[in-house]
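> Predicted model and sequence below, questions to follow.
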Amino acid sequence: MHKTLILILFLLPAFGISQDTVKIPVPIARQIVKDLTICDSAKAILELVTKQIILTEDKVVLKDSIITKYEQKCSMYDTMLINEKQKFTVQGDWLKTIRKENKSLKVKLVYTKITLSTIIGVISYLFITK
């Protein structure tokens, strides 16, 4: 329809009509106005859709950054769990060695008590019998 209007405007001077105003029949004028309105509304819709796409892309970027942060936190928590497991393993090994040392010290204490009791008994017997 825009082409028709442009064609009419260019052909009018060729037919010898040179007026500042152009008279267009009412049905054609209505059709031209409808086409222009549809074109304007289509442009407005296109702008809105473009803005919506930009906002959607921004949302996607934001969600991706949030996901990345949570993945980093997850890996950090995994590392913390591994470190805690290693700590408990080391503490368990240390506890085993402490228990072994405790047993050996208890055995030494028993032998020391027996030896001291024997020595005290022998010394007492020697004092009593003299």
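Good, I have the coordinates.

> next SSE after the least confident helix or strand in the chain by mean pLDDT?
Sorted by mean pLDDT, DSSP states H and E, the helices and strands of the chain end with helix 2-14, the least confident at a mean of 57. Sequence order places helix 26-129 as the next helix or strand after helix 2-14, per DSSP states H and E.

> now that next one, how far from the centre of its chain.
Here helix 26-129 is found 14 Å from its chain centre; the criterion is CA atoms, centre = their mean, to the nearest Å.

> mean confidence score for it?
Mean pLDDT, computed over helix 26-129, is 93.

> Which neighbouring elements make contact with it?
helix 2-14 (3 or more CB pairs under 8 Å, 6 or more residues apart in numbering; DSSP states H and E). To be clear about C-beta, it is placed using only N, CA and C from the backbone, and glycine gets the same treatment.

> Share the number of residues neighbouring residue 73, please.
Neighbour count for residue 73, taken as other CB atoms under 10 Å: 10.

> how close does it sit to residue 79?
Using CB to CB, to the nearest Å, residue 73 is found at 11 Å from residue 79.

> Also residue 49?
45 Å.

> before we move on, what about residue 67?
For residue 67, the distance to residue 79 - CB to CB - is 19 Å.

> Ok, residue 37 next?
Using CB to CB, one gets 63 Å for the distance from residue 37 to residue 79.

> swap in residue 126?
The separation that residue 126 has from residue 79, given CB to CB, amounts to 69 Å.

> ok, now residue 119?
Distance, residue 119 to residue 79, using CB to CB: 59 Å.

> One more: residue 36?
For residue 36, the distance to residue 79 - CB to CB - is 65 Å.

> Who has more neighbours out of those two?
Just comparing residue 36 and residue 79: by other CB under 10 Å the higher neighbour count belongs to residue 36, 13 against 10.

> Please report how far the more buried one lies from residue 42.
For residue 36, the distance to residue 42 - CB to CB - is 11 Å.

> Repeat that for residue 23.
For residue 23 relative to residue 42 (CB to CB), the value is 28 Å.

> Same check on residue 53?
Going from residue 53 to residue 42 by CB to CB gives 16 Å.

> Equivalent analysis for residue 71, please.
Going from residue 71 to residue 42 by CB to CB gives 43 Å.
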